[in-house]
Structures are given as C-alpha cells and as structure tokens.
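Asks: this is the structure alone, sequence omitted:
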C-alpha cells in the first residue's frame, strides 16, 4: 500500500505541470464551476455555461470539493487519489486472500501496487481513480459468495455509486448473475440480482430526475452514452489505420449540429445518437466490425503496441509509464488466461470472470482503448498470480468438504 502511494506521488511530481489533456480538461472545468458554487455546470458543447448533464456527478464532486479548499489546484486531488491507490491494493489483497489464500494475496498486492496500468490513473484527473477501487469492492462482495438480502443491498449500493462515477460499470452485473447462479441456483440468483439492481437504480434515480429537469428530457446518467455517433459513421468505419476508433467530430453532419442553434442536452444527445443509429441501420455488419476493433482489439490490447501508445498523447499519460505497463500486461494476460484454464473446475470463479470479460467487450464496442480496461487490471493481476496456485480440489476429493456424520448424543446406543 505504501509503495503504490509513493509511486503515484512520484509520478505526480515528475509530470508537473500537468497540461490536463483529453477528458482531464473537462473534469477540471466542471470542478472549477463546482468549487465556485455552480454545481455540475459545464459550457459543453455550445460554449454556454449552465447546469449540465455532460458528465457523471460523483467525480465532478470529488474534484470540486478539493478545488474548493485548494483554490483550484490539482495537487491536493492527486494526493488524495494516491491514497485510493493504496485502498485498491488492500481490496485486491482481500479478494485474493479469500479466493486463493495468504501467500497469493501478498503476491497480488505487490503486482497491483507496482503495475503501471493500475497506479498511473490515480495521478491523473480521470474517473478511473474512483472506478478502480469501486470495481474491486464489487468483486469482493459477489465473487464466490452465496447471495443474501444484506449482501445484495450492499452490492447494489456499490454498483449504484459506481455507475454515478462511470456509467459503463453496469457490465459487472453480468458477472453477478452468473456468480450467484453457480453458487445458489437460478431462482435465488435472479431474486438477489433483481434486489441489487433495484438498489442501484434507486441510487441513480435522483440524479436521473435532476437531469430530466436540467436537460428538458431523459438523460439517465450522463451524455456519455451518445458516444455511438463517434464510432458508427463513414469516417471512423473506413479509416485504414484506426478503423472504428472514436472521434469527436467525424462527419460534416456532426459539425452542422454544432454550428446550428444551441440545443438542450437531451436534444443534442438525441441528435448524436440518431447519427450513430442511422449508420448502424444502413450498415448492420458495422456492429460486428466495431466489436472486433473496439471490444476485442483495443479493449484487450491484442494489437500492435504502437497503436496503443498512439492514444497516450491525447489522454495526457506518460508514454514511458504506459509502455512499461503494456510490457507487464502482455505477461499478465496470458498468465490470467492460463489460470482460468487451470482452475477450470472452479466454475464459481471461472464463469463469472468470463461473463464479466464478455460483457465488458460488448459495452465498449462503441468506444475503447487501454484506459477503458483500467478497472479490471487488478483482477487480471490477481488471476495471473493464481496461475501459480494449486487448483482447489473438488468436494469429492477434499475430505474437509465431505458431509460429516451427525454427532451422536452421549448415551445413545451405537
């Protein structure tokens, strides 16, 4: 935990001043509004400062509160996020200890603490700083644990908070359903998953209601779900080097909307989504193609390393740190896959992990890259360590798991 904190702090010092490239600039702008008492304001996309649904609320509030006490400087925010890196290590250790034992847990903690694709995000203004520990907490709550109403409520609360940080977090529910079906059967799994989803929905609902009045229409969490327009269009689809890579202004049609009269957030979201859906209706095979390029190639980085490094300048990351992280990742991913095969009889672990991986690939078909995988990196690290762990024996082979005869009361014949 100390190592991870020090690495983040060293990274923050080494990369000063941070130019706040990419999405960092928008979080910075919204946080400045927040610190000034203009809660969840933005000037996107038409340059008009007003209450907005452009981004999720919790990371804006997280940065904005620190800005309010530090006169808008990023240093105190990143210092606090360095502590969240330590929390991530602790959660990874706790999950690995429960699933594999004390020694693999210590090894997992070391790998997570030193893995650049985990700790770098805590030194930047990105939602991953909150999303990574929240994802590990969710995994700790449902992997190989029988569902109970109390557990379902706790998980629903964590998932609701997670979606208010990063809307795509809902893909974890695929793992929840599978995990609980394996350990508790279909009927109880469906009931407990429904309870967890209901709690998550209740947490998100007040924000959705707020958005309805602010945006004059339905925006469930943020405008980020309109990303479909930047992937499904002729420019992105036909790019010979970066096919289906997301871009902000891909076509004249998008520019025409931006140059037109200002729209409400709901109207703008609808226009952008229509552009993407119209292209999908005209080119139905584009969904499969985008799944390959985004959900598989970019999300899991099964592509040229140079292509992954091409994203670095646009996100304000360090190329050296990312290159080192990718080098470690290319060693960890095969080990993680081998661990799944080695522990293949442990269905309560293997099937939920595969469900999570598939669901994530589907969700990130609309836009993807190395950054989008960040909340799952500690899980990959843990599984890589598990490649060296002896597979658990089945109940039939393990005498500790065999049904024991009932105790015979004293004085009973025989």
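Replies: All right, it came through fine. In this text the structure is predicted, and so the values were computed from the model without any measurement.

Asks: so how many other residues sit close to residue 328?
Replies: 18 (other Cβ atoms under 10 Å). (Each C-beta comes from the backbone N, C-alpha and C, glycine too.)

Asks: show the contacting residues for the residue nearest to residue 14 when sequence neighbours are not counted.
Replies: Ranked by Cβ to Cβ, 6 or more residues apart in numbering and with sequence neighbours excluded, the top spatial neighbour of residue 14 is residue 318, at 8.0 Å. Contact analysis of residue 318 by Cβ atoms under 8 Å, 6 or more residues apart in numbering lists 11, 14, 15, 120, 312.

Asks: average model confidence for the helix or strand that contains residue 339?
Replies: According to DSSP states H and E, residue 339 maps onto helix 319-342. Taken as a whole, helix 319-342 carries a mean pLDDT of 98.

Asks: which residues are contacting the helix or strand that that helix is followed by?
Replies: Sequence order places helix 347-363 as the next helix or strand after helix 319-342, per DSSP H and E. Outside of helix 347-363, the residues within contact range by Cβ under 8 Å, 6+ apart are 99, 142-144, 168, 170-179, 182-183, 291, 295-296, 299-300, 340, 343-344, 373, 376, 379, 383.

Asks: for residue 410, give me the pLDDT.
Replies: Looking at residue 410, its pLDDT reads 45.

Asks: er, residue 72 I mean
Replies: pLDDT, residue 72: 85.

Asks: helix, strand, or coil at it?
Replies: Following DSSP: H, G, I helix; E, B strand; the rest coil, we place residue 72 in the coil state.

Asks: go ahead and confirm it touches residue 35.
Replies: Yes. Using Cβ atoms under 8 Å, residue 72 is in contact with residue 35, at 6.2 Å.

Asks: looking at the two, which is more packed in?
Replies: More neighbours surround residue 35 than the other of residue 72 and residue 35, with 19 against 14 (other Cβ under 10 Å).

Asks: tell me where the stretch 51-200 of the chain has helices.
Replies: Applying DSSP state H, counting those that start in this stretch to the stretch 51-200 of the chain gives helices spanning 57-70, 75-100, 102-114, 116-119, 128-142, 149-165, 172-184, 186-215.

Asks: for the second one, the distance to its chain's centre please.
Replies: With Cα atoms, centre = their mean, to the nearest Å as the basis, the distance from the averaged C-alpha position of helix 75-100 to the chain average is 15 Å.

Asks: cool, the first one as well?
Replies: Relative to the centre of its chain, helix 57-70 is centred 20 Å away, using Cα atoms, centre = their mean.

Asks: what packs against that helix?
Replies: If you count contacts as 3 or more Cβ pairs under 8 Å, 6 or more residues apart in numbering; DSSP states H and E, helix 57-70 packs onto helix 24-35, helix 75-100, helix 128-142, helix 149-165.

Asks: can I get these in a markdown table with distance to residue 51?
Replies: A markdown table is the format used below for the helices and strands packed on helix 57-70 (distance: least, Cβ to Cβ, whole Å):
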| stretch | distance to residue 51 |
| --- | --- |
| helix 24-35 | 9 |
| helix 75-100 | 23 |
| helix 128-142 | 22 |
| helix 149-165 | 17 |
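
Asks: any idea which of those helices gets closest to residue 267?
Replies: Proximity of these to residue 267 was assessed by Cβ to Cβ; the nearest stretch is helix 24-35, lying at 19.9 Å.

Asks: hang on, the earlier thing: report the angle between the axes of the helix holding residue 339 and helix 102-114?
Replies: If you take axes from the mean of the first three to the mean of the last three Cα atoms, to 10 degrees, helix 319-342 sits at 150 degrees to helix 102-114.
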